[in-house]
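Undergrad: For reference, the sequence and a predicted model appear below.
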Amino acid sequence: MREMPKCRGKREFDGNISPRKWVYGYYLRNASGVHKIYDTITKGWIPVDPKTVGEFVRSYSLNGETKEIWEGDVYAIEDIKNLIFAVTYDEGTPFFTSTIGGIPWYTVYEILDEDCREITYMGNIIDNPELLETSCDGISKENKNEN
């Protein structure tokens with residue numbers, strides 16, 4: 001039996017003014033179309049916004065600290081100037097995809113295992129949508145296209 005992938009998603013808006021929190025666990029869309037994640041901490045199903053759901057990709061170690069890579073995270077990759085990359089899936093394989101042009105450049109495994117390049121976490125596309133509009137050097141896509 002295949003293991004269910006670990007996922008995360010933002011709680012569905014419930015009328016509270018406080019910001020929606022991330023929920024981590026196992027994703028399910030039930031027969032009535034409700035998207036939920038089984039929260040492994042509270043041991044209960046929590047409704048989530050389906051536009052925010054992303055799959056766990058893998059862990060890596062940076063300066064002795066373990067980090068997790070999630071679908072939708074955004075990274076700068078050492079030695080690749082002026083571009084940032086969002087983690088996406090293409091035919092079941094996780095890629096670092098250029099935020100300018102949306103082209104899958106490297107699989108996550110190539111960068112972390114083969115190339116041994118350092119990556120810098122910039123945020124994620126849900127909490128930081130502006131990252132999709134800006135390159136690593138802070139120049140917006142519109143200004144880059146004018147040059």
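TA: Great, that's in hand.
Undergrad: Which stretches in the protein count as strands?
TA: 6-10, 22-29, 35-39, 44-47, 54-62, 65-70, 73-77, 84-90, 93-98, 104-107, 119-124 (DSSP state E).
Undergrad: The first one versus strand 22-29: what angle between them?
TA: Strand 6-10 and strand 22-29 meet at an angle of 110 degrees, taking axes from the mean of the first three to the mean of the last three Cα atoms, to 10 degrees as the criterion.
Undergrad: now do the third one
TA: Here strand 35-39 runs at 130 degrees with respect to strand 22-29, directions being taken by the same axes, to 10 degrees.
Undergrad: Does anything pack onto strand 35-39? Which helices or strands?
TA: If contacts are counted by 3 or more Cβ pairs under 8 Å, 6 or more residues apart in numbering; DSSP states H and E, strand 35-39 sits against strand 6-10, strand 22-29, strand 44-47. Every C-beta, even on glycine, is put in place using the N, C-alpha and C of the backbone.
Undergrad: any low-confidence regions in the chain?
TA: Residues of the chain meeting the criterion pLDDT under 70: 1-3, 14-19, 62-63, 81-82, 101, 114-117, 134-147.
Undergrad: For the most centrally placed residue in it, which non-adjacent residue is closest in space?
TA: With distances taken as Cα atoms, centre = their mean, the residue of the chain nearest its centroid is Gly72 (2.1 Å). Spatial nearest neighbour of Gly72, chain neighbours left out: Gly54 (4.1 Å); criterion: Cβ to Cβ, 6 or more residues apart in numbering.
Undergrad: one step back: show me the one of the helices and strands packed on strand 35-39 that comes nearest Ile111.
TA: Closest to Ile111 of the helices and strands packed on strand 35-39 is strand 6-10 (Cβ to Cβ; 20.5 Å).
Undergrad: Relative to Val23, how far out is the residue nearest to the centre of the chain?
TA: 14 Å (Cβ to Cβ, to the nearest Å).
Undergrad: before we move on, what about Tyr121?
TA: 20 Å.
Undergrad: Which residue of the two possesses the greater neighbour count?
TA: Val23 (26 against 13; other Cβ atoms under 10 Å).
Undergrad: pretty sure the more buried one is touching Gly9, no?
TA: Yes: in terms of Cβ atoms under 8 Å, Val23 counts as a neighbour of Gly9; the distance is 5.8 Å.
Undergrad: Right, I'll call it a day here.
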